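Peer 1: Model the following, please.
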Amino acid sequence: MSLYLHNYALSGKPAAIIAQIPCLQDNYGFLIHDVANGKTAAIDTPDAEAINKALSAQGWSLDVIFNTHWHGDHTGGNQVLKDQWGCRIIGPGGERMAIPACDQTIGEGETIALGRLQAKVIETPGHTAGHIVYHFADIAVAFVGDTLFSLGCGRLFEGSAEEMWHSLEKLRALPDNTDIFCAHEYSKANADYALSVDPENRALIERAQQIAELRASHKPTIPSPLGLEKKTNPFLRADSDDMMARLGMQKATPAQVFAHLRQGKDNF
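Peer 2: So this is what the prediction gives:
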């Protein structure tokens, strides 16, 4: 089984291990493990079997599940994993009835603990009405579900363009060194679209080449550093003068530019 491990430190000492697990067709599941006390959380549950194999490979047990939103490719393993491990399931307040076996809900600005690790919740409606993000500031990591992708963003299934743009602004305000763990491997397709709307962006051109090389070697493009997303992700650049000029939308609002970009990607 493919499994990618990422190590994070606090004050120079090992603090967290994140296991990145390819699931289904193009999903990623994640486990975050507190090194000090051995507590482990799953960020979404696209595939219970794959998550269990990763737990076994690392010798971890599952203590809690943090769901970002209700879609089945993020919650499909909830009940199986809860039955097996007796773990708690935490999800967004606005989606409790849609999340299988949810025990607790959480919302904007609240903090949850996993051992020594602390995650602050950021509400990011747009893809779904109640979508949330888990930001572990101490280790500079954000699990963004389907709100933000490498060079992309989620489709607007339940929210408006204005809501999604505001959600992306909130994520864009996080520190540049934040590692963005999104839930799908969409980088190659997103790069193709990004280049079509921002073809002279040198940072984007270089990044698209790196993504192509990684995917040709069957390697993941996730996580991506937020600072690089700010320079290359067209959806985070909807309020930039050069993007507005390129699209001929100098008099439009950023939300209108974002809506134009999102519609373009839907039809790309």
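
Peer 1: So, low pLDDT: which residues of this protein?
Peer 2: 1 (pLDDT under 70).

Peer 1: Quick one: end-to-end length of stretch 176-187, please.
Peer 2: Distance between the two ends of stretch 176-187: 19 Å, counting by Cα to Cα, to the nearest Å.

Peer 1: Could you pull out the buried residues of it?
Peer 2: Neighbour-count burial for stretch 176-187 flags 178-187 (criterion: 16 or more other Cβ atoms under 10 Å). In short, each C-beta sits where N, CA and C put it, glycine included.

Peer 1: Next: stretch 257-267.
Peer 2: Using 16+ other Cβ under 10 Å as the test for burial, stretch 257-267 gives 257-262, 265.

Peer 1: List just the nearest of those to residue 26.
Peer 2: residue 265 (15.9 Å; Cβ to Cβ).

Peer 1: Which helix or strand contains the closest one?
Peer 2: helix 254-266 (DSSP states H and E).

Peer 1: which helices and strands sit right next to that helix?
Peer 2: When contacts are defined as 3 or more Cβ pairs under 8 Å, 6 or more residues apart in numbering; DSSP states H and E, helix 254-266 sits against helix 161-172, helix 187-197.

Peer 1: Now with 6 Å, please.
Peer 2: Using 3 or more Cβ pairs under 6 Å, 6 or more residues apart in numbering; DSSP states H and E as the contact criterion, the elements in contact with helix 254-266 are helix 161-172.

Peer 1: same for the helix it packs on, what does it pack against?
Peer 2: Counting by 3+ Cβ pairs under 6 Å, 6+ apart, helix 161-172 packs on helix 254-266.

Peer 1: Give me the residues contacting the helix it packs on.
Peer 2: 161-162, 165, 193, 234-235, 238-239, 244, 249 (Cβ atoms under 6 Å, 6 or more residues apart in numbering).

Peer 1: Ok, stretch 78-87 next?
Peer 2: 45, 48, 62-65, 89, 100-101.

Peer 1: Which ones among those lie within helices?
Peer 2: residue 48 (DSSP state H).

Peer 1: Quick check: residue 111 touching residue 120?
Peer 2: Yes. The pair residue 111 / residue 120 is scored as a contact, 5.3 Å apart, by Cβ atoms under 6 Å.
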